[in-house]
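Trainee: generate coordinates for the sequence data below:
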Amino acid sequence: MAEILSQKEIDALLQTVSTEEIGETPEAIAEVEEEKAANVYDFKHPNRVSKDQLRTLQTIHETFAKTFNAYLAVRLRTIVDINLISVDQLQYSEFILSISDPSCIYIFRVEELNGVAIMEISPQLVLFIVDRLFGGKGGTTEEPRVITAIEQTVMKKIIEKALENLSTAWQQVAPLTFILEGFESNPDVVQIAPPGETVITVSLEIKIQDTSSLMNICFPYLILEDIMSKLNVQHFITMAKREPSEEEVEIINERLRMTKLPVVSYLGSTSITVKDLMELEEGDVIVLNKKVNDLIEISIAGNKKFLGRPGIKGKKKAIKIIKSISEEETAELEI
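Mentor: Numbers count the residues shown, from 1 in each chain. Predicted structure coming up:
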């Protein structure tokens, strides 16, 4: 009588047959099954922005950080260091809960996409900037407080410049214009998106002297949805390498031709005492450090560019350009 196989033996036999057909060992099959392990997916927090798009957003805001860093350092006359910390996607309610109260929330409109976004800055940083702009050392209060109307007015120009720099950084992907619309100190009254809506948040760290604060930019996903297809590396590289068209070059040249620059010629200089200055009368002669036949310097927009000789053309005073000044000659004149 033939021996009856158990279910365990039957399964082992079938597995051996399957393995021989596909040319794999049981160990290889186990490895494949391990690789196909299920990924965790949170339906409450869907990833609507791909990793590639997040990397592009990161590149855009790294450019913004460098540009705004240079501007802020000049305005505050001190060392400023702005670094991008993260670019994340989360629910709008989670972002609002992360903001302190009071805070400095600037609401701005994305003109081309017909939507609004926000830029949030800590009150300590705003107070530091305002103090520096008024000539102080940058002292801040220990506890955050609501920003006054005067401080808001002073800070408005800084924020508008930040939005201008942000708009320039976005030009690499899409021509977006950011316009400042309002200010709020209470995060609970700022509703630019439904609580459960996905938003893209950009966090930057701003270090000035011994202080360190955060700047957060929040874009609702809905307003960026139309340009999300452009947020990929291929499109970004294409835009960065794109050569300007003949029409664009002509427009730029035309604007340059129409640009007005101040032209100043320096007849000479001298120094006199306050006593002599007080005693000056009509007809007195002040002797300058230039001779009649010497060429005088001609500056355009504050930069020394030419040497010339003064004269008269018709009924108007004029100056004739004799030669241009090289960079070496400019350096010698400044010395």
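Trainee: the helix or strand of the chain with the lowest mean pLDDT: what's the following helix or strand?
Mentor: Lowest on mean pLDDT, DSSP states H and E among the helices and strands of the chain sits helix 233-241, with a mean of 55. Next along the chain after helix 233-241, taking DSSP states H and E as the criterion, comes helix 246-258.
Trainee: could I get the average pLDDT for that next one?
Mentor: For helix 246-258, mean pLDDT is 76.
Trainee: what's the distance between it and the middle of its chain?
Mentor: Offset of helix 246-258 from its chain centre (CA atoms, centre = their mean, to the nearest Å): 25 Å.
Trainee: touching the following helix or strand past it from outside, list them.
Mentor: The helix or strand immediately downstream of helix 246-258 is strand 263-266, counting by DSSP H and E. Residues from elsewhere that reach strand 263-266 (CB atoms under 8 Å, 6 or more residues apart in numbering): 296, 297, 298, 299, 300, 308, 310, 319. (Each C-beta comes from the backbone N, C-alpha and C, glycine too.)
Trainee: can I get the buried part of these as one PyMOL selection?
Mentor: Command for PyMOL that selects the buried part of these, burial taken from 16 or more other CB atoms under 10 Å:
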select buried, resi 296+297+298+299+308+319
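Trainee: just put the contacts of strand 263-266 in TSV and tack on pLDDT.
Mentor: Output for the contacts of strand 263-266, formatted as TSV (pLDDT from 0 to 100):
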residue	pLDDT
296	86
297	88
298	88
299	88
300	87
308	89
310	87
319	87
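Trainee: buried stuff in the longest helix anywhere in the chain?
Mentor: Determined from DSSP state H, the single longest helix within the chain is helix 51-76. Judged by neighbour count using 16+ other CB under 10 Å, the buried positions of helix 51-76 are 53-54, 56-57, 59-65, 67-69, 72, 76.
Trainee: isn't there a helix covering residue 117?
Mentor: No: going by DSSP: H, G, I helix; E, B strand; the rest coil, the assignment for residue 117 is strand, not a helix.
Trainee: kindly provide the distance from it to residue 224.
Mentor: If you measure residue 117 against residue 224 using CB to CB, to the nearest Å, the figure is 9 Å.
Trainee: test my guess that residue 308 contacts residue 325.
Mentor: No: using CB atoms under 8 Å, residue 308 makes no contact with residue 325, being 10.4 Å away.
Trainee: low-confidence ranges, the stretch 201-335 of the chain, go.
Mentor: For the stretch 201-335 of the chain, the stretches flagged by pLDDT under 70 are 232-245, 248, 327-335.
Trainee: switch the cut-off to 90
Mentor: The stretch 201-335 of the chain contains residues with pLDDT under 90 at 208-213, 221-272, 276-277, 279-280, 282-283, 285-335.
Trainee: ranges for the helices of it?
Mentor: Assigned by DSSP state H, counting those that start in this stretch, the stretch 201-335 of the chain shows helices spanning 221-224, 233-241, 246-258, 274-278, 327-334.
Trainee: now do the fourth one: distance to the chain's middle.
Mentor: Just to be clear, that refers to helix 274-278. With CA atoms, centre = their mean, you get 51 Å for helix 274-278.
Trainee: list the buried residues of that helix.
Mentor: Under 16+ other CB under 10 Å, helix 274-278 has no buried positions.
Trainee: can you read off the pLDDT for residue 96?
Mentor: 91.
Trainee: so what's it up against?
Mentor: So residue 96 contacts 187, 188, 190, 195 (CB under 8 Å, 6+ apart).
Trainee: right, and the secondary structure at it would be what?
Mentor: Classified using three-state DSSP, residue 96 is helix.
Trainee: and it, how far from residue 88?
Mentor: For residue 96 relative to residue 88 (CB to CB), the value is 14 Å.
Trainee: wait, doesn't residue 145 sit right on residue 126?
Mentor: No: between residue 145 and residue 126 there is no contact, the gap being 10.2 Å when judged by CB under 8 Å.
Trainee: neighbour count: the two, which is higher?
Mentor: Neighbours were counted for residue 145 and for residue 126 using other CB atoms under 10 Å; residue 126 has more, 22 against 12.
Trainee: next one: the more buried one, what pLDDT does it get?
Mentor: Value for residue 126, per-residue pLDDT: 89.
Trainee: against residue 154, how distant is the spatially closest residue to it that is not a sequence neighbour?
Mentor: Nearest non-adjacent residue to residue 126, counting by CB to CB, 6 or more residues apart in numbering: residue 104, 5.0 Å away. Counting by CB to CB, the separation of residue 104 from residue 154 is 12 Å.
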